[in-house]
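J.: Pasting a predicted model and its sequence here:
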Amino acid sequence: MGVGVVRLGLPREAAAARAVSADERLEALGSQWVRLDEAVLVWGQSDETARSAGLRVEAPSEEPAIEDLRLVTQVGRVFERKHPEVRVVLDKGRHLVVQLGGEQARRIDRENDVCYRVRPLVAGETVFCTVVPPPGTPEPREKALVGAVSRGTFEGYLTRLAAFPTRHSLSADFETAAAWAHAELERLGFTVEAVPISVESGTSMNVIAEGAGQGPGARGVVIVCAHLDSVNVDGGPSAPAPGADDNGSGAAAVLEMGRVLSGHSGAHDLRLILFGGEEQGLFGSRQYVEGLPTGERSRVRAVINMDMVATLNTPEATVLLEGAAVSQGLIDELAAAAATYTRLLVQTSLDPFNSDHEPFIDAGMPAVLTIEGADRGNGNVHSAEDTLDHIDYDLALEIVRMNVAACAAALGSV
Ligand SMILES: [Zn+2]
């Protein structure tokens, strides 16, 4: 039995107007479906079942069997660039459904590339979907902080970071970039330390800045983080790697959030972290989490990670909030902040992949990746082409505003 695709239609207006929800319509299909936002792969269905659920099945020209399909989660378009021979059945940018069976699937599995993951489809799984939270009422303190987000300073930070020839974790330029960020965070009033980490056979560092909260007694901590390093996968440590979007944008956003939240009046501590060694396989964040004593882990109220927040790959400015069950509450907070303070379209996923939120989630802490939406993948990352020319400042600033509001809420008030 072959596989077909049904379209649920795009959210926002549609979600509000439609009497029968997407979930209800999917229920009518039993469990023989996998959803990637508005596109749903279905199999083993009669046209009639689909029709009665109000869904029209588009059959692909050659019908693959469900056993021959895999879910790919990729950074940028790394999987497609490396494997142009693999047929893409459904293309949602960060997520693809591809036709891949037998020996070819096993060969790709063995590659163990850190920039993509290939796994079987799980029946009844929503890989990601758009959510439409109702807008809340702005809270005065959050509103003031959101209003302080500035294009000028964000652009200045990002321009500075993208001007380094590379920020490869094992390069001298990375050290210079880290020293610059360290100095900037100190200037903003944070207590900053550079912590050495090992990356493959070399050493690099994490830059960690602390802003104490005002709460009495035992305080929690809110972590805002991004990786500072960049990479050019086809070249070595000295090949050009401006990493404007990946991840100059996230690192600049950490600095901008630090500027807005410096001297914050929240109850809990604020910790900003710029990780090294992310591109080689999350070295900085894994070592950071491993080194956190149990008592420190339990103080962590929220981890907001930013990795690629400034390329517009979708018709509307869209953010993907990617976490796991442990971070569902934080996902809801971020989605509510987006609805209240921004015009962002929000997508959510509970299938975390390949960024610094993962080690926190693995250790049971509520971490969420906030990343640009990707209906159309970002083909420039990990190359010399990841330059400021492709940056969409409006998208990045909207994501920063959402994160500032959610961070302020998590910091609490005294
Ligand atoms: Zn990245």
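T.: Yes, it's here.

J.: any idea how far the residue of the stretch 1-150 of the chain found nearest the ion lies from residue 303?
T.: Residue of the stretch 1-150 of the chain nearest the ion, by CB to the ion: residue 75 (6.4 Å). Glycine gets a C-beta too; all of them are placed from N, C-alpha and C. Per CB to CB, to the nearest Å, residue 75 is found 19 Å from residue 303.

J.: For the stretch 251-400 of the chain, what lies in contact range of the ion?
T.: residue 307 (CB under 5 Å from the ion).

J.: just the helices in the stretch 251-400 of the chain please.
T.: For the stretch 251-400 of the chain, the helices defined by DSSP state H, counting those that start in this stretch occupy 283-290, 294-299, 328-341, 357-362, 393-411.

J.: so which of those is the most packed in?
T.: helix 393-411 (a mean of 25; mean count of other CB atoms under 10 Å).

J.: tilt between that one and helix 328-341?
T.: 120 degrees (axes from the mean of the first three to the mean of the last three CA atoms, to 10 degrees).

J.: Can I get helix 393-411 in CSV, CA atoms only?
T.: Extracted as CSV, the C-alpha positions of helix 393-411 are listed here (Å, rounded to 0.1, in the frame of the first residue of the first chain):
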residue,chain,number,x,y,z
TYR,A,393,16.8,41.7,11.2
ASP,A,394,13.0,42.0,11.7
LEU,A,395,12.7,38.2,12.2
ALA,A,396,15.7,38.1,14.6
LEU,A,397,14.4,41.0,16.6
GLU,A,398,10.9,39.5,16.9
ILE,A,399,12.5,36.3,18.3
VAL,A,400,14.6,38.3,20.7
ARG,A,401,11.5,40.2,21.9
MET,A,402,9.7,36.9,22.5
ASN,A,403,12.7,35.5,24.4
VAL,A,404,13.1,38.7,26.5
ALA,A,405,9.4,38.5,27.6
ALA,A,406,9.6,34.8,28.4
CYS,A,407,12.9,35.3,30.2
ALA,A,408,11.6,38.2,32.3
ALA,A,409,8.6,36.1,33.2
ALA,A,410,10.9,33.2,34.2
LEU,A,411,13.1,35.5,36.3
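
J.: which strands and helices sit next to it?
T.: Packing partners of helix 393-411 (3 or more CB pairs under 8 Å, 6 or more residues apart in numbering; DSSP states H and E): helix 140-147, helix 151-162, strand 221-227, helix 250-261, strand 300-306, strand 318-322, helix 328-341, strand 367-372.

J.: let's go with 7 Å and repeat that
T.: helix 140-147, helix 151-162, strand 221-227, helix 250-261, strand 300-306, helix 328-341, strand 367-372 (3 or more CB pairs under 7 Å, 6 or more residues apart in numbering; DSSP states H and E).
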